[in-house]
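S.K.: The following block contains a protein sequence and its predicted model.
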Amino acid sequence: MSCPIYKESLLPTTRDVQNTSVNIVNIPVCITCVSSGKHKGHELTEFLENLSYRTQHLQKDLEELETRIYPRYEVLASDIQTEKAELETTYGKLTTAAGKEGEILYLEITAIVNRRKSDIQEMKNKHLSTLNKNTEDITQKIIELKQIISDLKSILKSNDISLTSTYKSRNSKFRTILPKVRVTLPSFTPQKLNKDQLREMFSSLSPISINTEHGRTIKSAEAVSSPPVKSVKSTEGASSLPVKPLLDEQRLTDTIDTEYRQLYSVSCLSDELVWTCGDNETMNILNLRGKLLTSIKTKSGNTPRDIAVTRDGNLVYTDSKTKTINLVKNKQIQTVITLQGWYPRYVCSAASNADREARAVVVVNQLGKLRFRYTGHLSNTKQSFDPVGITTDSQSHILIADFNNDRIDILDQDGQFLGYIQNVELPHGVCVDISDNLFVAEIVNAVVKKIQYLSTQCKSYISKQV
């Protein structure tokens, strides 16, 4: 809306009126322009109403930024910080492995070089021994020759007829000179180093793969102001019908405000009590009215990554920074597992697991043999499947929190898609109590929603033969 006004430079004169048309310019002005007198004879818009409308719009934008958009970016930043913290360990493993392989190769090369050196030393010793033997033989001959020369000189000097008459020459013995030992020295011929073959001796290293997913669009406040739970979208062709059928219209029975800034996980202790954990070091037991009943701090003071309640009613939580899985029993904390080389994130007591990086849910039997692998369903999904929470109910249903698509997928025990629950926003953790009520932890809104999605009346069905 605007306040119409004539620009002063365009105010018409009598001559202008006679010769030309008058241009009226629509310009927004402040409320003080009313007293200027230039609007006399013109209709003024309700500027105060316009200002109030725009103020309300600004307030809605501020609320959306503070409560919905900004926390989402905080979650992304937190995930990146966690990933960065794991880089040292991940790449440290690769560096250590490469170093160990280098050490093995170095030891092998050193062993080969040492064998070569040993062979050279053995050849040298043999050569020296041969020369020493040859020297000894020659020295012995020289001693004998010196003695004969000395004897001949003595005979000649004595003029003794008897010695001269009995002399026998031994020169013929020495005319054949002792053979000279000739040794051909060994030679070292270095091989040309083939660097390609040398590289092939090392283990291969796969290249890094960096993929950027399309950013998901955050729903506006108006888009999520509708009732938070809609009916399950069931698909036909299920292999069998459950004893408790899925409701056509689910009921949101309770919403629990947890007072965390970000809520990571929820685990059912009973129909009326739940454990929760979020963006600080405390794990809380809340009732359905949100009243805090018990609070436990982690042993290390770090934020717990995930929680689960055991069959005995004890609490288990993971601590990624200390790489531990811890048991809370009678308010006492015991570290039950300390992991080496990787960081624990999610924990559950069922024989199934959500592999978020692989975008898949993997279900195995008691022997660890693969039963099936679920990677999402094509019905009404705009983003890639992103499983972050998983639980089961008394009907052997598997319920999976799909973070990217704001919904809970429902599978039967054989992995057949049965339907989904919509209008849960950024579900991060899920659990089911003994009465088959679903509890969903919404990370950004930091609330737990209790949803009835199964009929309380059991029915009998006759399966159709296909």
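M.R.: Perfect, I can see it now. Here the structure is a predicted model, which is why all the values come from computation and not from measurement. Numbering: from 1, shown residues only.

S.K.: pLDDT below threshold where in the chain?
M.R.: 1-47, 212-242, 341, 349-358, 380, 459-466 (pLDDT under 70).

S.K.: Tell me where it has helices.
M.R.: 14-19, 47-64, 70-158, 161-166, 171-175, 195-200 (DSSP state H).

S.K.: between those, which one is nearest to Lys329?
M.R.: helix 70-158 (27.8 Å; Cβ to Cβ). C-beta here means a position set from N, CA and C on the backbone, and glycine is covered the same way.

S.K.: angle of the closest one against helix 47-64?
M.R.: 40 degrees (axes from the mean of the first three to the mean of the last three Cα atoms, to 10 degrees).

S.K.: returning to what we had before: in a markdown table, list the helices of the chain along with mean neighbour count.
M.R.: What follows is the helices of the chain, written out as a markdown table (neighbours: other Cβ atoms under 10 Å):
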| stretch | mean neighbour count |
| --- | --- |
| helix 14-19 | 9 |
| helix 47-64 | 12 |
| helix 70-158 | 11 |
| helix 161-166 | 10 |
| helix 171-175 | 9 |
| helix 195-200 | 8 |
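
S.K.: Which of these sits closest to Thr324?
M.R.: Taking the helices of the chain one by one with Cβ to Cβ, helix 70-158 is closest: 14.6 Å.

S.K.: helices or strands up against the closest one?
M.R.: Helices and strands touching helix 70-158, by 3 or more Cβ pairs under 8 Å, 6 or more residues apart in numbering; DSSP states H and E, are helix 171-175.

S.K.: Contacts for the helix it packs on, please.
M.R.: Lys141, Glu144, Leu145 (Cβ atoms under 8 Å, 6 or more residues apart in numbering).

S.K.: 7 Å - rerun?
M.R.: Helix 171-175 is contacted from outside by Lys141, Leu145, using Cβ atoms under 7 Å, 6 or more residues apart in numbering.

S.K.: where's Ser78 relative to Arg345, distance?
M.R.: 12 Å (Cβ to Cβ, to the nearest Å).

S.K.: In the protein, where's the longest strand?
M.R.: strand 246-257 (DSSP state E).

S.K.: and that one, which strands flank it?
M.R.: strand 447-454 (antiparallel) (DSSP bridges).

S.K.: in the strand it pairs with, what counts as buried?
M.R.: Val447, Val448, Lys449, Lys450, Ile451, Gln452, Tyr453, Leu454 (16 or more other Cβ atoms under 10 Å).

S.K.: Of those residues, which is the nearest to Val424?
M.R.: Lys449 (6.4 Å).

S.K.: which residue packs closest to the closest one, ignoring adjacent ones?
M.R.: Excluding its sequence neighbours, the residue lying closest to Lys449 (Cβ to Cβ, 6 or more residues apart in numbering) is Val440, at 4.7 Å.

S.K.: burial measure for the one you found, as a count.
M.R.: Other residues near Val440 come to 28 when the count uses other Cβ atoms under 10 Å.

S.K.: what's it in contact with, if anything?
M.R.: With the criterion set at Cβ under 7 Å, 6+ apart, Val440 makes contact with Ala401, Ile408, Val424, Pro427, Val430, Val448, Lys449, Ile451.

S.K.: I'd like these as JSON lines, with distance to Ser52 appended.
M.R.: Formatted as JSON lines, the contacts of Val440 follow (distance: Cβ to Cβ, whole Å):
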{"residue": "Ala401", "distance to Ser52": "41"}
{"residue": "Ile408", "distance to Ser52": "41"}
{"residue": "Val424", "distance to Ser52": "34"}
{"residue": "Pro427", "distance to Ser52": "37"}
{"residue": "Val430", "distance to Ser52": "43"}
{"residue": "Val448", "distance to Ser52": "37"}
{"residue": "Lys449", "distance to Ser52": "34"}
{"residue": "Ile451", "distance to Ser52": "38"}
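
S.K.: now, the most widely separated pair of those?
M.R.: Farthest apart among the contacts of Val440 - using Cβ to Cβ - are Ile408 and Val448, which lie 13.5 Å from each other.

S.K.: how much space between Asn445 and Gly278?
M.R.: Taking Cβ to Cβ, one finds Asn445 at 11 Å from Gly278.

S.K.: Look at these two and report which has more neighbours.
M.R.: Gly278 (24 against 21).

S.K.: dump the residue contacts of that one.
M.R.: Thr258, Tyr260, Arg261, Gln262, Leu263, Tyr264, Ala446.

S.K.: which residues does the residue lying closest to it once chain neighbours are set aside contact?
M.R.: Distance criterion Cβ to Cβ, 6+ apart; nearest residue to Gly278, sequence neighbours excluded, is Tyr260 at 2.9 Å. Residues near Tyr260 by Cβ under 7 Å, 6+ apart: Gly278, Asp279, Ala446.

S.K.: Quickly note the distance from the last one to Thr310.
M.R.: Using Cβ to Cβ, one gets 25 Å for the distance from Ala446 to Thr310.

S.K.: So between those two, which is more surrounded?
M.R.: Just comparing Ala446 and Thr310: by other Cβ under 10 Å the higher neighbour count belongs to Ala446, 21 against 13.

S.K.: Tell me which residue is most central in this protein.
M.R.: The centre of the chain sits closest to Glu83, judged by Cα atoms, centre = their mean, with a distance of 5.8 Å.

S.K.: State the distance from that residue to Arg345.
M.R.: Distance from Glu83 to Arg345, by Cβ to Cβ: 11 Å.

S.K.: My read is that Val363 contacts Phe372, right?
M.R.: Yes: counting by Cβ atoms under 7 Å, Phe372 is a contact partner of Val363 at 5.5 Å.

S.K.: Quick check: neighbours shared by those two?
M.R.: Common neighbours of Val363 and Phe372, using Cβ under 7 Å, 6+ apart, are Gly415.

S.K.: what about the two, which has more around it?
M.R.: The residue with more neighbours, out of Val363 and Phe372, is Val363; 20 against 15, by other Cβ under 10 Å.
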